[in-house]
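[1] Sequence and computational prediction follow.
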Amino acid sequence: MDTPTHGLVGRLVARAVWPGHESRGLVNLATVSSLLPDLDVLWPGDALERLQSHRGVSHAFFGIAVGALAVAWIARRAGLKHVPFHKAYLVSLCGMLLHVLFDVVTSYGTVIFAPFSDYRASLDLLFIIDPYLDLILIAGLLLGWRFLRNRAVGYRLGVAALTAYMALNMAVTGGALYSLHRWAGQKGIPVEEIAAIPAPFSPLHRQGIILSQGQVYDIPTTWFQGIAGPIRAHPSALSDPRLSDIWQSREGRIYRWFARFPVVVEPLENEPGDLLLQDLRFAVRPDGLGWLGSLAAEAAVDHNPAFFRRRHFSLRVWLDPAQRVRRVAYTGSGADRQPAAHDRR
């Protein structure tokens, strides 16, 4: 989830609990705490190190439990002297916990058990940037601030709308998974891994992904239609014999840990490298979007004609004449970036 949305969530929930002016300090503490885990973007390191550090220990249950102690200590010395330490700690912890929960509902992945485990949790309910969610949060804050005499009612209506929106997305994801399992059963395709990834700006659409026997199927779905577009199959990067060596390299180990559905795609003409690996979670299909998503995509293409050709979270592989891995490079995002690479010669 983008950082401003985290702040809106924290403030709306805090206002629903403490609607009065006398609790402004606690509301501000909860709001600030709901932003703090994203300070990990400031940690130094190259692109691969940032891939590991973002949504890492600062987003883990252990990390926020410890971090909330420091936040509560600072808050009591910065203006909340009248608030008992245990209360300041609980407010800080709840603000950070809201941040973690609203990252877990996206498909990027959050290492919630760090440093004890590098498991990445993701519920695939919301796209990372969701304007509908932002509108609900802003409307709830405005209702409580200006438009209702009873502030608590306005803020709590906003929380109720937020809850209903999350329930809607759970239903859409559940429906998409049902359609995907049904399609795979009809085709006799054994399912090894399955996901329904939120589509940009399209809450009723999901990008269905099924891994089966070395193939990764890309299947657009909608809540009303089920399977709603042409189905594409990509070779899984994990099953390509040419790539067996790269998983022992630093780039390959980290990329395999991060990418849930790495596939082999055709490199663009201006891209160096013989093979290009991309996590299918971050591949946007124009025919898999709703009307608002299509409008946003058209605007993006007008601004950048290469928008749909950009490779986000990709790995480039150079092969020698004997089809052995010669060089590996993590490119982060964007087809126009020149990465630092590891040469295996």
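    Ah, there it is.
[2] Within the sheet, what are the partner strands of the strand or helix carrying Pro203, with directions?
    With secondary structure defined by DSSP states H and E, Pro203 is part of strand 202-212. Here strand 202-212 is paired, per DSSP bridges, with strand 193-199 (antiparallel), strand 215-222 (antiparallel).
[3] Tell me how far the first one lies from the chain's centre.
    In terms of C-alpha atoms, centre = their mean, to the nearest Å, the centre of strand 193-199 is found 12 Å from the chain centre.
[4] what does that strand contact?
    Outside strand 193-199, the residues that touch it by C-beta atoms under 8 Å, 6 or more residues apart in numbering are 106-107, 124-127, 169, 172-173, 176-177, 180-181, 184, 205-211, 220-221, 260-261, 281, 284, 288-290, 293. Placement of C-beta: from N, CA and C, glycine included.
[5] Now with 6 Å, please.
    Strand 193-199 is contacted from outside by 107, 124, 126-127, 173, 176-177, 180, 205-211, 281, 288-289, 293, using C-beta atoms under 6 Å, 6 or more residues apart in numbering.
[6] Also the longest one?
    Strand 215-222 is contacted from outside by 176, 179, 204-206, 208, 210, 227-229, 231-234, 236, 261, 263, 280, 288, using C-beta under 6 Å, 6+ apart.
[7] What's the mean pLDDT across the next helix or strand after that strand?
    Where DSSP H and E defines the elements, the next helix or strand beyond strand 215-222 is strand 226-227. Across strand 226-227, the average pLDDT comes to 93.
[8] and strand 226-227, what other elements does it pack with?
    For strand 226-227, the helices and strands in contact under the criterion 3 or more C-beta pairs under 6 Å, 6 or more residues apart in numbering; DSSP states H and E are helix 151-187.
[9] Output the contacting helices and strands for the helix it packs on.
    So helix 151-187, by 3+ C-beta pairs under 6 Å, 6+ apart, packs with helix 3-17, helix 131-142, strand 193-199, strand 202-212, strand 226-227.
[10] list the buried ones in the second one?
    Pointing back at helix 131-142 there. The neighbour-count check on helix 131-142 (16 or more other C-beta atoms under 10 Å) flags Tyr132, Leu133, Ile136, Leu137, Ala139, Gly140, Leu141 as buried.
[11] gap between the closest residue to Ala65 other than its chain neighbours and Ala121?
    Among residues not flanking Ala65 along the chain, Leu93 sits closest, at 6.7 Å (C-beta to C-beta, 6 or more residues apart in numbering). Counting by C-beta to C-beta, to the nearest Å, the separation of Leu93 from Ala121 is 18 Å.
[12] repeat for Val264
    From Val264 to Ala121 the distance is 27 Å (C-beta to C-beta).
[13] Please say which of these two ends up with more neighbours.
    Val264 (20 against 17; other C-beta atoms under 10 Å).
[14] which stretch of helix or strand covers the more buried one?
    If you go by DSSP H and E, Val264 is part of strand 262-265.
[15] Downstream of that strand, the next helix or strand is which one?
    Tracing the chain past strand 262-265, the next element assigned as helix or strand by DSSP H and E is strand 275-279.
[16] So in that sheet, which strands flank that next one, and in what orientation?
    Strand 275-279 has the following sheet partners, assigned by DSSP bridges: strand 262-265 (antiparallel), strand 312-319 (antiparallel).
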